[in-house]
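Trainee: fold the following and give me the result.
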Amino acid sequence: MGDKLYQHLMDRPVLAHTLGRLQDSEFIEEIVLVVRSEDRERCRDEVLKPFALTKVTGILSGGATRQESVYLGLRFMGRSGDCVAVHDGARPLVSPELIARVVGAGLESGAAVPGIPVKDTLKQVSGTKVAGSVDRAGLVQVQTPQVFWRELIWMAHRRAREEGTMATDDAGLVERTRHPVLVVTGEEENIKLTTAFDFLVARAILDQRARGARSPG
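Mentor: The predicted structure follows:
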């Protein structure tokens, strides 16, 4: 979808929606953005300034991978804060309740992620043929924000760099340290915008929320 974070969703860019959700949360004290190097000025001019996102304390150039980008953000933060929440810029519909729930669990347990049960049937495929079925009992789709004790996630990233290991999310790196990761109830509306269809769904959700906010009582 190209520059999906800067595409307008209703009245503002996707990234402005996402940052606004974090800005409004009493549990978030500081926001560090990691973006493509060529987008730093655009992010400042089209997102931060127009929408007064004052909790953003840094805009960094990202690395070659998501994992590298998170590492750069952690390094920039240094010893700031007891916990770190890692959130996808393309998840603009995260609710205040979900942020509070995951942060609370992360503060207590050291590592917490939101997840929702897998609803579809899963198949293993070899080429174009089904090789077997996957039992979806106990499987969840993991979302963000993912919340960790700062020292724990920093250690997990440093160890991964030393060992040359990769994971698809930050919880995967923490799992390698053998620290348990707690799963809290996620939200179906907390979708990640990837395709044009996702934008249609997001607009419908925002429209429904706006109607609910305008309804009396």
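Trainee: for the residue most central in space within the chain, what are its contacts?
Mentor: By C-alpha atoms, centre = their mean, the mean C-alpha position of the chain lies nearest to residue 87, the distance being 2.4 Å. Shown in contact with residue 87 (C-beta atoms under 8 Å, 6 or more residues apart in numbering): 18, 22, 94, 144-146. In this view, the C-beta of every residue, glycine as well, is placed from N, C-alpha and C.
Trainee: so which of those are in strands?
Mentor: Among these, the subset assigned to strands under DSSP state E consists of residue 146.
Trainee: farthest pair in the contacts of residue 87?
Mentor: For those, the maximum inter-member distance is 14.6 Å, found between 18 and 146 (C-beta to C-beta).
Trainee: any weak-confidence spans in this protein?
Mentor: 1-2, 215-217 (pLDDT under 70).
Trainee: switch the cut-off to 50
Mentor: 1 (pLDDT under 50).
Trainee: what sits against the residue nearest to residue 12 when sequence neighbours are not counted?
Mentor: Among residues not flanking residue 12 along the chain, residue 51 sits closest, at 6.4 Å (C-beta to C-beta, 6 or more residues apart in numbering). By C-beta under 8 Å, 6+ apart, the contact list for residue 51 reads 12, 16, 19-20.
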